[in-house]
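Participant: just a sequence and a predicted model for now, questions to come.
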Amino acid sequence: MSSLLDKSIKPEDEILDSSLRPKNWADYVGQEKIKENIQIILTAAKQRGQSPDHLLLYGNSGLGKTTLAQLVALEMGKKIRITSGPAIERAGDLAAILTNLQEGDVLFLDEIHRMHKTIEEYIYPAMEDYKLNLILGKGPMARTMELKLPRFTLIGATTRPGLLSTPLRNRFGGTFQLNFYKPEDIEKIIQRSAKLLQIQIHPEAVKVIAQRSRFTPRVANRLLKRVRDFAQVKNQGIVTLDIAQHALGSLEVDHMGLEPGDIKILLALIEKFDGGPVGLQSLAASALEEEDTILDMYEPYLMQLGFIERTPKGRVASKLAYSHLKIKYTKTGNFI
């Protein structure tokens with residue numbers, strides 16, 4: 001079974017995810033302080049008749065960075081162009097994107113930390129002076145061509161802000177960290193999504209899905225859709241507490257939202273390294289996972305739960321992790 005945390009989305013799920021995205025600020029649940037600050041930036045920009053400052057959004061996958069960018073474009077009454085850092089391989093790719101923007105449009109650049117360093121050099125004058133300096137030809141015959149660009153707002157999104165260079169970070173007028181959601185906000189998101197998908201769902205089922213959603217809207221919506229499938233086959237489409245628990249059990253999502261991938265990492269840390277400390281490279285090799293997968297998909301939530309601690313010597317499994325896995329905790333001493 002593919003992980004519910006997988007960033008790749010099936011075409012049918014992509015359509016559903018798009019239909020569930022909030023279309024106005026009132027429907028965007030959670031992240032209240034960020035919403036307030038961004039709305040002030042947008043209101044001030046409209047009053048001045050200018051494009052808003054470039055914005056950098058960072059946080060774990062599925063917390064609503066793309067949705068926020070779309071709401072910015074809607075608020076300004078402009079179009080949004082969505083692409084990603086790895087997709088821009090050459091200066092010509094960047095030029096094609098930027099020259100097709102209209103005045104005031106929003107360019108959303110996902111995974112901006114994976115943008116090629118050569119492209120980064122081209123994007124600095126585009127962000128500051130709305131100019132693109134292209135080098136044509138090679139050697140003594142090379143010449144520079146300057147393209148004037150429409151004023152636009154770049155919204156960068158990343159799960160790894162530490163990988164951004166300082167010059168790039170400094171060119172954003174506002175930087176915002178999206179945090180994990182409160183359980184009550186996740187419940188509101190599930191209720192709204194159930195209404196949009198025309199799912200009959202009991203309040204107790206909403207709570208149990210929310211508890212296992214890793215405090216993340218994307219995971220909550222994916223779980224809701226999978227539970228809906230079980231309800232459709234086994235209970236005439238009605239999501240009861242029993243159906244929700246049965247479905248989530250079949251999906252191997254435990255009562256705290258941990259999936260087999262999380263358990264595998266914790267077991268590797270505890271059984272093969274005596275709970276740590278252990279370096280990321282050794283842990284990844286032992287758990288048969290990519291380092292980036294652990295960093296982006298699993299570790300943030302495990303740290304949020306207090307199951308894993310980062311120390312100068314490496315990752316350490318906490319007493320809570322032992323307790324959750326029902327393994328006797330025998331370690332003593334300070335590993336920090």
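Facilitator: Sure thing, it's come through.
Participant: CA only for contacts and neighbour counts going forward, please
Facilitator: Will do.
Participant: near the closest residue to Ser318 other than its chain neighbours, how many other residues are there?
Facilitator: Sequence neighbours aside, Phe307 is the residue nearest to Ser318 in space, at 5.2 Å (criterion: C-alpha to C-alpha, 6 or more residues apart in numbering). The number of residues packed near Phe307 is 19, by other C-alpha atoms under 10 Å.
Participant: how near is Phe307 to Ser286?
Facilitator: In this view, Phe307 and Ser286 are 18 Å apart by C-alpha to C-alpha, to the nearest Å.
Participant: again, but for Tyr122
Facilitator: Distance from Tyr122 to Ser286, counting by C-alpha to C-alpha: 40 Å.
Participant: how far off centre is stretch 212-225?
Facilitator: A distance of 13 Å separates the centroid of the chain from that of stretch 212-225, by C-alpha atoms, centre = their mean, to the nearest Å.
Participant: next one: stretch 246-256
Facilitator: In terms of C-alpha atoms, centre = their mean, the centre of stretch 246-256 is set 23 Å apart from its chain centre.
Participant: ditto for stretch 68-78
Facilitator: 18 Å.
Participant: got the contact list for it?
Facilitator: 23-25, 42, 46, 79-80, 104-106, 108, 155 (C-alpha atoms under 8 Å, 6 or more residues apart in numbering).
Participant: hmm, which of those residues are the buried ones?
Facilitator: 25, 42, 79-80, 104-106, 108, 155 (16 or more other C-alpha atoms under 10 Å).
Participant: and these as TSV, adding distance to Lys326 and pLDDT?
Facilitator: Shown next, in TSV, are those (distance: C-alpha to C-alpha, whole Å; pLDDT from 0 to 100):
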residue	distance to Lys326	pLDDT
Trp25	43	88
Leu42	50	92
Lys79	52	91
Ile80	49	91
Gly104	56	88
Asp105	53	92
Val106	50	92
Phe108	44	94
Ile155	44	93
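Participant: let me know the closest of the residues you listed to Leu248.
Facilitator: Nearest to Leu248 among the buried ones among the contacts of stretch 68-78: Trp25, at 30.8 Å, using C-alpha to C-alpha.
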